[in-house]
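Visitor: based on what follows, work out the 3D shape:
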Amino acid sequence: MTIRLLKFLFGAATVIFLLAPLLAILPIAFTSSSFLAYPIPSLSSRWFAVLATEDAWRRSIVNSLLIGAGTTLLSTLLGILAALALRRRVVFAAALRTIFLLPMVVPAVVLGVGLQILFAGLGFPNTFAAVIVAHTVVAVPFVLVSITASLEGIDYRTERAAASLGASPAKVFWKVTLPLAMPGVLSGAVLAFATSLDEVVLTLFVAGPNQLTLARQMFSSIRENISPAIVAAAFLFIVGTILLGGLLAVVHKRAARSAAA
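Guide: Residues are numbered from 1 along each chain as shown. A predicted model of the protein is given here:
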């Protein structure tokens, strides 16, 4: 009983430690004041209106959604192809997997400088394509890990049974492998989108003034003029992440029910 109580207290303390900064700052998103300070004079949605009306904030939100969607599509496609290739017995599979995961450990500044030089040499620096490719580089490892874990849970005999009934390799993939791996694919897609929304260092290196993202706008606003609009943007970030996480949990639950059935 004592050990169980200690585990509960330790878990509760950890959750409080992680959430306390958010709980302390997020209510300021609804302040009517122009300063990040307590007590809040009165509740107001003026800073959310600022995000919707001011051109810089509105443009950064639209750019973030566009870049995030492009990053999600590209990284999910590459992650699926890489996971399928590494699933088979290929030469140097461990080395290839390590190469795919390198962007997770390489410092973002080093990666940003390298990508900036590469894009300048290729002739498309400071473009939406450059930003999407840069975000894809750091998002693919998360997609690969998620899809690989999902593919490892698929019984090879299921695919062999479909092939023995006359299904082509492409049909086996579309009708058997992909539906069974869909929870991992969706998890990877959500992680890729969240990674793109949160990325600021690479964006500073490869994006131009027309590719202003929400994370970069928040970073610039912190340096120039700290206002509750930054907290309102962070609030939208967190709410969006919670909604995506909830949607992902529903998909996983339905997939588990289908597998049990």
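Visitor: could you check how far the residue nearest to Arg59 when sequence neighbours are not counted is from Thr71?
Guide: Closest residue in space to Arg59, ignoring its immediate chain neighbours: Leu212 at 6.1 Å, by C-beta to C-beta, 6 or more residues apart in numbering. Every residue, glycine included, has its C-beta placed from N, CA and C. When C-beta to C-beta, to the nearest Å is applied, the distance between Leu212 and Thr71 equals 16 Å.
Visitor: neighbour-wise, which of those two wins?
Guide: Regarding Leu212 and Thr71, a neighbour count based on other C-beta atoms under 10 Å identifies Thr71 as having more, with 27 against 20.
Visitor: separation between that one and Leu65?
Guide: For Thr71, the distance to Leu65 - C-beta to C-beta - is 11 Å.
Visitor: hang on, Gln217 packs against Arg58?
Guide: No - Gln217 is not in contact with Arg58 according to C-beta atoms under 8 Å; the separation is 10.0 Å.
Visitor: so between these two, which is more surrounded?
Guide: Between Gln217 and Arg58, counted using other C-beta under 10 Å, the more crowded position is Gln217 (23 against 13).
Visitor: low-confidence ranges in the stretch 101-250 of the chain?
Guide: Within the stretch 101-250 of the chain, the ranges that satisfy pLDDT under 70 run 224.
Visitor: the helices in it, which residues?
Guide: Using DSSP state H, counting those that start in this stretch, the helices assigned to the stretch 101-250 of the chain run over residues 108-122, 128-152, 156-164, 169-172, 178-198, 201-206, 214-224, 228-260.
Visitor: dump the ones you listed into JSON lines; add distance to Thr53 as well.
Guide: What follows is these, written out as JSON lines (distance: least, C-beta to C-beta, whole Å):
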{"stretch": "helix 108-122", "distance to Thr53": "32"}
{"stretch": "helix 128-152", "distance to Thr53": "24"}
{"stretch": "helix 156-164", "distance to Thr53": "53"}
{"stretch": "helix 169-172", "distance to Thr53": "49"}
{"stretch": "helix 178-198", "distance to Thr53": "21"}
{"stretch": "helix 201-206", "distance to Thr53": "23"}
{"stretch": "helix 214-224", "distance to Thr53": "14"}
{"stretch": "helix 228-260", "distance to Thr53": "11"}
